[in-house]
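**Q** Attaching a predicted model along with its sequence, questions to come.
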Amino acid sequence: MNTFEDKLLTELRTVVAERPVDIRRKRPKRVLVGIAACLTLAAGTAVAVPVLGSSSPAYAVTTQPDGTVQVKIYRLQEAKELEKRLKAAGVPAEVNFLPKGQTCRRTPGGKPPAGDRAGLGIVVKRDDRAATMVLHPADYRGNTLLLEGSGSVPTDRYDSPTFSLVSRVRTGTFGPCVPVDAVKLPVPLR
Amino acid sequence: MTQIAEIGRDPDAFEAFYTEHIERIQRFVARRVDDPYLAADLTADVFLAAIDAAAGYRANLGTPIGWLYGIARNVVSAEKRRHARELRANQRISGRRLLTADDVTRLEERIDAEASARALLQAMGELPDGERAALELVALDGLSPADAAHVLGIRLTAFRVRLHRARGRLRSQSLHLAPTPTEMTS
């Protein structure tokens, strides 16, 4: 059980359950977003960094009772602060937020850790508000999480998310992030 | 059979629909891409698009499977136009992030199993787009001509003409058709 197909079904069921019945519910939903953010703060375990000129945090890093670290990214801002927060939570990380259409090129590029090809059990979920990752600090001994975001974040609950996140786990030597235009995806079929 | 309109509203109706079609859609995708991570993303995208489009489904536009294959075709074509993996900007679920190492192995096996279908698709690459699409849906994806005609939005008679031409052209180019995928007979 709990295969890719099962997990995908769970995510899709959530999508269906959360679909708006009527677009006019737009405003109340925005209020709900605010409440959710406040609740996160009230819980006390989250460290949220308010961004100048904005009332909501750009991200939240929470160490959960089971020892995993939950990272929620609402906007691609405050990369260096997020990096420090992750480090403090036991996940050495390098975070880069880039304009849409760009990606990091690193020379050398470092190596993926041996074994798990799927990225050390990083689980990323995203909804219309945030991308959520769950990390296991134990996986990051000797490894670094390279987190790369590009684009921007929706300003409204009903906007489509407009940023993408790419996470890689690397070991060995890797160079700094040099932003380059994202390369074309090789297409197997004409 | 699942009421299509319900799958965009009712998680249980969606689950029934998903369970019925996930295998076919994964095979459909595996016949067109050879990267398990991309296949996982596209599988998620197909069902997300179906959820969004469900309210617009009309039975007179074809069977649910024809409708879903039409969506899958659009999703895969959109991917081919997309600049890069990193630009998968509107993606609400990242399929690849749900993959474990075991899943990747299974997806790779599925992709390997569809290798001959991908070779056939490549051989068909020489055909004009409309004819290739017709042959693809019938010979590779096992759709009935009526369903395939719906997917392409053309009349059945026009579809049969295209199919006939495509087969004739393949023969005249003496292209060898790879072994037929097993799904074709089902």
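**A** Nice, I can see it. Residues are numbered from 1 along each chain as shown, chains lettered A, B, ... in the order given.
**Q** CA atoms for contacts and neighbours, from now on please.
**A** Fine.
**Q** how about the helices in chain B?
**A** Using DSSP state H, the helices of chain B run over B:11-30, B:36-53, B:64-81, B:101-113, B:115-123, B:129-135, B:145-152, B:156-172.
**Q** quick one: average confidence on the fourth one?
**A** The predicted model gives helix B:101-113 an average pLDDT of 87.
**Q** any idea how far it is from the chain center?
**A** Put simply, helix B:101-113 sits 18 Å off its chain's centre (CA atoms, centre = their mean, to the nearest Å).
**Q** packing partners for that helix?
**A** In this structure, helix B:101-113 packs against helix B:11-30, helix B:36-53, with contacts taken as 3 or more CA pairs under 8 Å, 6 or more residues apart in numbering or on different chains; DSSP states H and E.
**Q** I'd like the ones you listed as a markdown table, with mean neighbour count and mean pLDDT appended.
**A** As requested, the helices and strands packed on helix B:101-113 are exported to a markdown table (neighbours: other CA atoms under 10 Å in any protein chain shown; pLDDT from 0 to 100):
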| stretch | mean neighbour count | mean pLDDT |
| --- | --- | --- |
| helix B:11-30 | 19 | 92 |
| helix B:36-53 | 22 | 91 |
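**Q** Out of those, flag the one nearest chain A.
**A** Judged by CA to the nearest CA, the one of the helices and strands packed on helix B:101-113 that comes nearest to chain A is helix B:11-30, at 5.0 Å.
**Q** contacting residues around that closest one?
**A** Residues outside helix B:11-30 that contact it (CA atoms under 8 Å, 6 or more residues apart in numbering or on different chains) are A:5, A:9, A:13-14, A:16-17, B:2-3, B:6-8, B:39, B:42-43, B:47, B:65, B:69, B:72, B:76, B:110-111, B:114, B:141.
**Q** Where does pLDDT dip in chain A?
**A** A:1, A:21-55, A:101, A:114-129, A:151-165, A:182-190 (pLDDT under 70).
**Q** Which parts of it are helices?
**A** Going by DSSP H, chain A shows helices at A:4-18, A:26-42, A:79-88.
**Q** care to break chain B down by domain?
**A** For chain B, automatic domain parsing gives the domain ranges B:1-113, B:115-181.
**Q** Confidence-wise, which of those domains is weakest overall?
**A** Of all the domains of chain B, domain B:115-181 has the smallest average pLDDT, which comes to a mean of 79.
**Q** This completes my enquiry, with thanks.
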